[in-house]
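S.K.: need the 3D shape of this:
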Amino acid sequence: MDCVKSGFLKQHDSFTKLWKRVYCTLHANIFSAYQDEQKKTIEKQILLSPEAEVTLLPFSGNRLFSILLPSKESLNFACDTSDDSQSWVSSLKNSCKDTNKFSNCSLSITDFDIISVI
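M.R.: Numbers count the residues shown, from 1 in each chain. Okay, the predicted model is just below:
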């Protein structure tokens with residue numbers, strides 16, 4: 001699965017009320033936030049669906065965006081520039097819309113080459 005977008009963002013921690021720098025990736029409809037670029041420790045991973053709402057927060061100079069999940073959990077992220085934030089929002093919204101093409105995928109035994117082992 002190809003990476004659609006990746007880079008450093010700041011994630012707001014709703015418990016401590018602090019901003020933490022995380023490395024984020026977007027693969028198809030899976031958004032992941034890692035502790036660093038090595039991607040060894042995952043902080044958060046969400047499966048994006050059409051019900052998820054991705055919103056650019058205009059009062060922040062367009063540097064903040066929010067992901068509201070169907071469970072009503074809200075995740076807030078900040079970018080260094082408004083252009084970067086708008087790029088993330090666009091990519092995330094497209095991934096939310098495109099989930100139908102990923103969810104309808106199915107595999108059967110005929111999709112695999114079977115090799116006989118004796």
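
S.K.: show me the shaky parts of the protein.
M.R.: Filtered on pLDDT under 70, the chain yields the residue ranges 1, 99-118.

S.K.: how about the secondary structure of the residue nearest to the spatial centre of it?
M.R.: Nearest residue to the geometric centre of the chain (Cα atoms, centre = their mean): residue 31, 2.0 Å. Using DSSP: H, G, I helix; E, B strand; the rest coil, the structure places residue 31 in strand.

S.K.: pretty sure it is touching residue 65, no?
M.R.: No: when contacts are counted by Cβ atoms under 8 Å, residue 31 is not listed as touching residue 65 (11.6 Å). Every residue, glycine included, has its C-beta placed from N, CA and C.

S.K.: pull up the overlap in contacts between the two.
M.R.: Listed contacts common to residue 31 and residue 65 are residue 92; contacts here mean Cβ atoms under 8 Å, 6 or more residues apart in numbering.

S.K.: could you pick out the longest helix of this protein?
M.R.: In the chain, assigned by DSSP state H, the helix with the most residues is helix 82-97.

S.K.: could I get the buried residue list for that one?
M.R.: Buried residues in helix 82-97, counted by 16 or more other Cβ atoms under 10 Å: 84, 85, 88, 89, 92, 93, 95, 96.

S.K.: what of stretch 49-61?
M.R.: Within stretch 49-61, judged by 16+ other Cβ under 10 Å, the buried ones are 52, 54, 56, 57.

S.K.: as a markdown table, the residues you listed with distance to residue 25 would be great.
M.R.: A markdown table is the format used below for the buried residues of stretch 49-61 (distance: Cβ to Cβ, whole Å):
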| residue | distance to residue 25 |
| --- | --- |
| 52 | 16 |
| 54 | 16 |
| 56 | 20 |
| 57 | 22 |
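
S.K.: and which of the residues you listed is nearest to residue 20?
M.R.: Nearest to residue 20 among these, counting by Cβ to Cβ, is residue 57 at 17.8 Å.

S.K.: show me where this structure has strands.
M.R.: Secondary structure of the chain (DSSP state E): strands at 3-12, 19-27, 30-34, 42-47, 53-57, 64-68, 74-78.

S.K.: give me the number of residues near the residue nearest to residue 32 when sequence neighbours are not counted?
M.R.: What sits nearest to residue 32 in space, not counting adjacent residues and going by Cβ to Cβ, 6 or more residues apart in numbering, is residue 45, at 4.6 Å. Residue 45: 11 surrounding residues under other Cβ atoms under 10 Å.
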